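S.K.: Predicted model and sequence follow; I will ask about them next.
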Amino acid sequence: MTMRRAVGFAALLVSVLPVAALLARQQLPPVTKPARIESRMPPGFLAKADEILTSAYSIGGPGAAAIITKDGRPVYRRATGLADLEFSTMLEPDMVFRIGSVTKQFTAAAVLLLADRGALNLDDDITKYVPDFDTGTRHVTIEHLLTHTSGIRNYTDVPAWRPTWGQDLTPAQLVAFVKPEPFEFEPGSKWAYSNTGYILLGMIIEKASGMPYAEFMRKEVLLPLGLSRTMYDDPMKILPRRARGYVRVNGEYANAPYLSMTHPFAAGALVSTVDDLARWDAALTAHRLLKPESLARMFVPYRLQSGESAGYAMGWAISSYEGHALAEHGGGIPGFTCHVVRFADDKLYVAVLSNDTSGVATRTAHLLAALAVGRPFTNPPEVTLSSTTLDSFAGRYAKGDDVVTVSRAGNRLKAEFGDSMVELAASSGTAFYEPGGPMRVTFSTDVPGGAKEMTVGGWGDRRTFVRR
């Protein structure tokens, strides 16, 4: 997440006419006729994609827009649900959403672009550009910030930050929330998601380019690629086709709470459309922004000092699904969630943008991506286990700093991963699955009293958590 004052938005109007012809040449090709799509995609693809999207969102509530591209051409593009609950305005695929932390891949690309131009080096110490940030004796590099391996605490986790949502703050004021906080670990030794790192990257972009972050993104990244509907959000600006964001309060939808858009800054301040995100992927693939070696580096996960992969590159989480290498990232900001998936070797791209904060966007993107790559999720037969057996799996399981809490919920289990909860149905005495979703969980029972470990897979790399 996170954002800052939208500097340079008034200047946006000045440069529209000179680039109009350029933008017209960079429109996505139309969705291919259904018969042609079915010949290139798995059988029944369109109907199954519709079922996934429409079953995820109620037509009378907030919804989502989705796009799938194959070989750079859209093969699926649809929206469902409402853009505005008060006026019952239906969502349409070209509408604008806040994209939260998907902004990070744009910020990462901007840093790599400056590196290509010789304006900075990824090995530079961050104090070269932000001298007021005290790193002690630690060598914190730009690459550490890009890969969430700096050890700098996430300012959005600091309790003092939440009461300031309505205030306009500078990047320096945001970073000040963590200045009294100790480093969580030595740079490069571990991985921990840090919005603070991307606030600092925005400050570095400003120092290295001599331009405000929003202006640099607009002039040097977005408009040259024809991304005319992607911009640093300004809630005061009249933005045609803007979807409104919603949250649930006591089981009912409510307007999202106000967050000054000075807060997300380079970590989460952009708005976009599914069409622009598809153009973004096509532009990256075609090397229209970055040198080939820089683009390749963007998708290489950071190697920790232990030699273990961090599973995260530069604005992208890196893993695999059914033997297909994938890069993905989610975004969450009050009123909106989104998720993008990129199967580079398969030339497949999926984006789901939602004005609902339930987190369904991630699951929907995974289901659509699995369908598009020809490996759809299917539910195994459910079996019924006794309460005693289900209770034996309950407990807290940990892998490093990540903790999963498992408990019984009727004749099933529920697993809580931070703020998200997944219901698990049994397929055997030790194996469970997420009904209609990707997650697969297996418990070991090699010790008296029940499970000792839980292995989580189904999407991305398998991870094993040990019960405390």
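M.R.: Sure thing, it's come through.
S.K.: check contacts around the residue lying closest to residue 458 once chain neighbours are set aside.
M.R.: Spatial nearest neighbour of residue 458, excluding adjacent residues (Cβ to Cβ, 6 or more residues apart in numbering): residue 440 at 3.7 Å. (Glycine included, C-beta is placed from N, CA and C.) Residues in contact with residue 440 (Cβ atoms under 8 Å, 6 or more residues apart in numbering) are 431, 432, 433, 434, 456, 457, 458.
S.K.: Can you tell me which of those residues is closest to residue 202?
M.R.: Relative to residue 202, the closest of the contacts of residue 440 is residue 456; by Cβ to Cβ it sits at 33.3 Å.
S.K.: State the mean pLDDT of the host helix or strand of the closest one.
M.R.: Assessed by DSSP states H and E, residue 456 sits inside strand 453-457. In this model, strand 453-457 has a mean pLDDT of 94.
S.K.: Show me what the residue nearest to residue 458 is bridged to.
M.R.: Beta bridges link residue 440 to residue 433, residue 457, judged by DSSP bridges.
S.K.: Now do it against residue 446, distance only.
M.R.: Distance of residue 440 to residue 446, given as Cβ to Cβ, to the nearest Å: 19 Å.
S.K.: what does residue 314 give?
M.R.: On the measure of Cβ to Cβ, residue 314 and residue 446 end up 40 Å apart.
S.K.: So which of those two has more stuff around it?
M.R.: More crowded of residue 314 and residue 446, by other Cβ atoms under 10 Å: residue 314, with 27 against 7.
S.K.: shouldn't that one be in contact with residue 112?
M.R.: Yes: here residue 314 reaches residue 112: they are 7.1 Å apart, a contact under Cβ atoms under 8 Å.
S.K.: joint contacts of those two?
M.R.: Both residue 314 and residue 112 are in contact with 297, 298, where contact means Cβ under 8 Å, 6+ apart.
S.K.: and residue 281, how many neighbours?
M.R.: The tally of other residues near residue 281 (other Cβ under 10 Å) stands at 22.
S.K.: now the one 4 residues further on
M.R.: Close neighbours of residue 285, defined as other Cβ under 10 Å, add up to 16.
S.K.: Once you drop chain neighbours, what's closest to it?
M.R.: residue 72 (7.0 Å).
S.K.: before we move on, what about residue 421?
M.R.: residue 414 (5.6 Å).
S.K.: isn't there a helix covering that neighbour?
M.R.: No: using DSSP: H, G, I helix; E, B strand; the rest coil, the assignment for residue 414 is strand, not a helix.
S.K.: What values do phi and psi take at residue 281?
M.R.: The phi/psi pair for residue 281 (degrees, to the nearest 10) reads phi -60, psi -40.
S.K.: okay, now the residue nearest to it when sequence neighbours are not counted: neighbour count?
M.R.: Spatial nearest neighbour of residue 281, excluding adjacent residues (Cβ to Cβ, 6+ apart): residue 349 at 4.4 Å. Counted by other Cβ under 10 Å, the residues lying close to residue 349 total 27.
S.K.: Give the next helix or strand downstream of the strand holding residue 456.
M.R.: Assigned by DSSP H and E, the successor of strand 453-457 is strand 463-467.
S.K.: still on that earlier bit, show me the contacts for the residue nearest to residue 421.
M.R.: Residue 414 neighbours (Cβ under 8 Å, 6+ apart): 406, 407, 408, 421, 422, 423, 424.
S.K.: So the first one sits against residue 413, correct?
M.R.: When you say that, I think you mean residue 406. Yes: counting by Cβ under 8 Å, residue 406 touches residue 413, with 5.9 Å between them.
S.K.: intersection of neighbour lists for those two?
M.R.: Contacts common to residue 406 and residue 413, judged by Cβ under 8 Å, 6+ apart, are 393, 394.
S.K.: any idea how far residue 253 is from residue 461?
M.R.: Residue 253 sits 35 Å away from residue 461, going by Cβ to Cβ.
S.K.: Grab the nearest non-local neighbour of residue 365.
M.R.: Counting by Cβ to Cβ, 6+ apart, the residue nearest residue 365 is residue 339, at 3.8 Å.
S.K.: Shouldn't that neighbour be within a strand?
M.R.: Yes: applying three-state DSSP, one finds residue 339 inside a strand.
S.K.: and it, what does it touch?
M.R.: 328, 329, 330, 331, 351, 352, 361, 362, 364, 365, 366.
S.K.: Please flag which of those residues sit within helices.
M.R.: 361, 362, 364, 365, 366 (DSSP state H).
S.K.: in the stretch 101-250 of the chain, which spans are helices?
M.R.: Applying DSSP state H, counting those that start in this stretch to the stretch 101-250 of the chain gives helices spanning 103-116, 142-146, 171-175, 195-209, 213-216.
S.K.: Tell me which of these approaches residue 371 most closely.
M.R.: Nearest of these (Cβ to Cβ): helix 103-116, 23.3 Å.
S.K.: what's the closest one in contact with?
M.R.: 3, 120-122, 142, 146, 198, 201-202, 204-205, 208-209, 216-217, 220-222, 230, 264, 266-270, 280, 284, 289-291, 294-295, 297-298, 314-316, 329, 331.
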